[in-house]
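Colleague: What follows is a predicted structure for the sequence shown.
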Amino acid sequence: MTTASRTADHRAVRREGDTTIRYTASGPADGPALVLLHGWGCHRGDFDALTLQLPDDVRVLAVDLAEHGESRSARTVWTMAEFARDVAAVLAAESVGSAVVAGHSMGGAVAVEVGRLLPETVSHVVALEALHYLALFPAQPAARAEGVLRAFRDDFPAAVRGLVEGGTPQGADPALAETYTAKMSGVRQPAGLRSMEGLLHWDMDEALGETSQPITVFAIRDLTHQDAVDRYGDRFDIVLVDLGTHHFPVESPAATATLLTEILSR
């Protein structure tokens, strides 16, 4: 059963490095827990509509990663592992004993790291349009990573636009790309550039080798290449969907909630 409204509590947890992580908690404290992690340049509000479509008994924790949304940090480390420690602090504050952790885009990398960090707590990792982009997620060669970062340093909005267009299938509403480009171009700096650097240097192969939980990747069919399936199909379950663009959790919240509910029911 789903409800048209949930009582949402806006909370915060503090960590070292002058870091305050803000998150939204809804649903019963003793319900099955689902942690939602947004993508680069986005925020926890992206999951508001999706959360309303989830069963009433699900405990939902939607987290703003450091320097995204309402979370703030003065730290100097912007790795996927450090983002995962922020999420771990939220889980500790909420006394979560078991959870499914789902992340969109960069949040998918963070979700893997949360599973790696908390093997006894995380029961399943879900990547929403994440992990299958071979030009972004596996650790990139130094020259390529530097080339991508140089593009962001030279013309940040143009580089963001290129990122968004790469995640937009043919035939999609052009207004969507404009909306996402404008939003993501406003990511706080220097964290925006530094976290992109952290993603490009993230060693996904190593992380996957040290993550024992099942991993399910929900990927837009028109954006998924066979090379990714061939390379990682034996490590995570790639489920192809036709729900919109790279940002499908925002565009198709009901269908995304159905996918996540099925994972929670396992």
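Modeller: That came through, no problem.
Colleague: only C-alpha atoms for contact and neighbour calcs from this point on.
Modeller: Noted.
Colleague: How about the secondary structure of Thr179?
Modeller: Three-state assignment for Thr179 (DSSP: H, G, I helix; E, B strand; the rest coil): helix.
Colleague: So for it, what's the pLDDT?
Modeller: Looking at Thr179, its pLDDT is 97.
Colleague: which residues are contacting the helix or strand hosting Glu262?
Modeller: Assigned by DSSP states H and E, Glu262 falls within helix 253-264. Residues from elsewhere that reach helix 253-264 (C-alpha atoms under 8 Å, 6 or more residues apart in numbering): 32, 34, 47, 49-51, 53-55, 100, 124, 243, 248-249.
Colleague: Format the CA atom coordinates belonging to it as CSV.
Modeller: Output of helix 253-264 as CSV, limited to C-alpha atoms (Å, rounded to 0.1, in the frame of the first residue of the first chain):
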residue,chain,number,x,y,z
PRO,A,253,8.9,7.9,-9.9
ALA,A,254,6.0,5.4,-9.8
ALA,A,255,7.8,2.8,-12.0
THR,A,256,11.1,3.4,-10.1
ALA,A,257,9.3,2.8,-6.8
THR,A,258,8.0,-0.5,-8.2
LEU,A,259,11.5,-1.6,-9.1
LEU,A,260,12.8,-0.8,-5.7
THR,A,261,9.8,-2.4,-3.9
GLU,A,262,10.6,-5.6,-5.7
ILE,A,263,14.2,-5.5,-4.4
LEU,A,264,12.9,-4.8,-0.9
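Colleague: Wait, Val35 touches Val60, no?
Modeller: Yes: counting by C-alpha atoms under 8 Å, Val35 does reach Val60; the two are 6.0 Å apart.
Colleague: how about the helices of the stretch 151-266 of the chain, start to end?
Modeller: 156-166, 174-185, 191-200, 204-209, 226-232, 248-251, 253-264 (DSSP state H, counting those that start in this stretch).
Colleague: got JSON lines for these, with mean neighbour count and distance to His104 too?
Modeller: Formatted as JSON lines, the helices of the stretch 151-266 of the chain follow (neighbours: other C-alpha atoms under 10 Å; distance: least, C-alpha to C-alpha, whole Å):
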{"stretch": "helix 156-166", "mean neighbour count": "17", "distance to His104": "14"}
{"stretch": "helix 174-185", "mean neighbour count": "16", "distance to His104": "14"}
{"stretch": "helix 191-200", "mean neighbour count": "21", "distance to His104": "13"}
{"stretch": "helix 204-209", "mean neighbour count": "15", "distance to His104": "15"}
{"stretch": "helix 226-232", "mean neighbour count": "12", "distance to His104": "17"}
{"stretch": "helix 248-251", "mean neighbour count": "19", "distance to His104": "8"}
{"stretch": "helix 253-264", "mean neighbour count": "17", "distance to His104": "11"}
